[in-house]
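sequence and predicted structure are below.
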Amino acid sequence: MASNTTAVRRWLETAAQDLREYTEVLNALNVFPVADADTGTNLAATVETAAQAAAVLETPDLSELVTLVGQAALEDARGNSGTLFSVFLTALGGGLDGAERLTAQSLSNGIGAGSVRAWSALTDPVPGTMLSVVKAAADTPIPEVGETGSNHQFAEYLRAMVTAAKDAVLASTEDLEVLHGTHKVDAGALGMLIVLDALRRAITGQEASGAHLWAGAESDATAPDDQAIPANIQPVADVLEEMGYAYYPPAHDEDASTLEALQDAHTGVEVMATVDLTALDAAQIRHELAEAGDSVIVSAVSQIDEDTWRWRVHVHVQEQRQAVDVLRGRGTPRNITVTGLSKDDRGRQFRVDPTDLG
């Protein structure tokens, strides 16, 4: 089993590849927080940024590597899902502080820290989303098998953690109000399951089995040690089969019209920016943005000096000026991107030059 920085790099590379394969499925499922059919695109692009950062960073320190990779992803995160993943990853790195290698205990500490940060980053966190998936992972107890810190214990923990995450994804059908009456799951929740299962496979050496796009696909992977590595599982395939996506696109999808109607109903834009602020100013910006729009995320990227931090901000508003004016009232925003959310502008993204704002 790989339990060092090599495993982290392998994890992110595997997750990026898996998300690329699932992009179309995730986009089709995307109805929350805005039904703009881009969760797969955004999450895949953000994890790819993390994987590229991990490939060039040479530190042997687990905590430092994951933290720096998370910060790099956060600076270039795409959408709500990409931003929350980056927040989770950055905090996971902090939770690994002092760990010389990944074990059930050290990873549990990291995932716990990531879950707390992700939930606190949103002004109005909603159950039934990727937040519930990381919480289910964080709440997974360490199994009392094998010796403490052993590969056997780690492998069993990873299996239990991913199974708990899968159950949280399936529960999103009932937990998330917008999905009531359908047989579908939240796109962000499924995306986070893909990421966590890539972690399991990267550590246990089972990445050869891949993420099966179609449920029921045969796996030719064999565990090298039945005691150390539990039999392989296919949590993503299980979810797809449960919601009728054993083959995608399905020949008949009774929920298709419901999802399409939701995706046609939204208006406005998504604004993302980086700004240097004190903690007090960041709290005030969070409050003001919540009054102007929704899906507000304000998360620290890195500390600049004793009082100032670099923050990444995400919000959905009707007009970009509503968000930019709030940010300019407290600091100088940069790295500003605006993405259309309406049917006609969906996916259209452009960067805003702060000098053009007047």
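On my side now, so go ahead.

next structured bit after the helix or strand bottoming out on mean pLDDT in the chain?
Within the chain, confidence by mean pLDDT, DSSP states H and E is lowest for helix 256-263 among all helices and strands, at a mean of 68. Next in sequence after helix 256-263, counting helices and strands by DSSP states H and E, comes strand 269-278.

report the rounded mean pLDDT for the next helix or strand after that following strand.
Sequence-wise, the next helix or strand beyond strand 269-278 is helix 279-292, with elements assigned using DSSP H and E. In this model, helix 279-292 has a mean pLDDT of 94.

quick check: buried residues in helix 279-292?
Along helix 279-292, these residues count as buried under the neighbour rule (16 or more other C-beta atoms under 10 Å): 281-282, 284-286, 288-289, 292. (Glycine included, C-beta is placed from N, CA and C.)

would you map the helices across the stretch 151-300 of the chain?
Counting by DSSP state H, counting those that start in this stretch, the stretch 151-300 of the chain has helices at residues 151-175, 187-204, 235-242, 256-263, 279-292.

right, so of those, which gets closest to residue 56?
Closest to residue 56 of these is helix 187-204 (C-beta to C-beta; 18.3 Å).

pLDDT weak spots in the stretch 201-350 of the chain?
Filtered on pLDDT under 70, the stretch 201-350 of the chain yields the residue ranges 207-231, 246-252, 254, 259-265, 345-347, 349-350.

swap in 50 and give it another go.
For the stretch 201-350 of the chain, residues meeting the criterion pLDDT under 50 lie at 208-229.

quick one: the closest residue to residue 258 other than its chain neighbours and residue 287, what's the gap?
By the measure of C-beta to C-beta, 6 or more residues apart in numbering, the closest residue to residue 258 outside its immediate chain neighbours is residue 182, 5.9 Å from it. Taking C-beta to C-beta, to the nearest Å as the criterion, residue 182 is separated from residue 287 by 34 Å.

picking that back up, closest to residue 134 out of the buried residues of helix 279-292?
The closest of the buried residues of helix 279-292 to residue 134 turns out to be residue 286 (C-beta to C-beta; 20.4 Å).

list the contacts for that closest one?
The neighbours of residue 286, taking C-beta atoms under 8 Å, 6 or more residues apart in numbering as the test, are 123, 296, 298.

quick check: the residue nearest to residue 258 touching residue 256?
No. Using C-beta atoms under 8 Å, residue 182 and residue 256 do not qualify as a contacting pair, with a distance of 9.9 Å.

what about the two, which has more around it?
Neighbours per residue, other C-beta atoms under 10 Å: of residue 182 and residue 256, the larger number sits with residue 182, 19 against 14.

how far away is that one from residue 136?
Applying C-beta to C-beta, the value for residue 182 to residue 136 is 21 Å.

circling back to that earlier point, just say which of the helices of the stretch 151-300 of the chain is most tucked in.
Relative to the other members of the helices of the stretch 151-300 of the chain, helix 187-204 carries the highest mean neighbour count by mean count of other C-beta atoms under 10 Å, namely a mean of 27.

quickly run through the sheet partners of the strand or helix carrying residue 313, with directions.
Residue 313 belongs to strand 308-317 when elements are defined using DSSP H and E. Sheet pairing for strand 308-317, assigned by DSSP bridges, gives strand 269-278 (antiparallel), strand 294-303 (antiparallel).

closest one to residue 232 among the ones you listed?
Comparing the strands paired with strand 308-317 by their distance to residue 232 (C-beta to C-beta), the top pick is strand 294-303, with 34.7 Å.

put the alpha carbons of that closest one into PDB.
Taking Å, rounded to 0.1, in the frame of the first residue of the first chain, the C-alpha atoms of strand 294-303 are listed here in PDB:
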ATOM      1  CA  ASP A 294     -26.700  33.100  -2.500                       C
ATOM      2  CA  SER A 295     -24.300  30.200  -2.600                       C
ATOM      3  CA  VAL A 296     -21.800  32.300  -0.700                       C
ATOM      4  CA  ILE A 297     -18.400  30.800   0.000                       C
ATOM      5  CA  VAL A 298     -15.600  32.900   1.700                       C
ATOM      6  CA  SER A 299     -12.600  30.800   2.500                       C
ATOM      7  CA  ALA A 300      -9.000  31.700   3.500                       C
ATOM      8  CA  VAL A 301      -6.300  30.600   1.100                       C
ATOM      9  CA  SER A 302      -3.100  31.600   2.900                       C
ATOM     10  CA  GLN A 303      -1.900  34.100   5.600                       C
END
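
for the stretch 51-200 of the chain, give me the ranges with low pLDDT.
Counting by pLDDT under 50, the stretch 51-200 of the chain contains no low-confidence segment.

let's see that with 80 instead.
Judged by pLDDT under 80, the stretch 51-200 of the chain has its weakly predicted residues at 146.

first-to-last residue distance for stretch 343-352?
21 Å (C-alpha to C-alpha, to the nearest Å).

do the same with stretch 95-112
Start-to-end span of stretch 95-112 (C-alpha to C-alpha) is 8 Å.

residues making contact with it?
Contacts to stretch 95-112, defined as C-beta under 8 Å, 6+ apart, come from residues 3-4, 7, 62-63, 66, 92-94, 113-114, 134, 137-138, 140, 142-143, 148-149, 153-154, 156-158, 161, 203.
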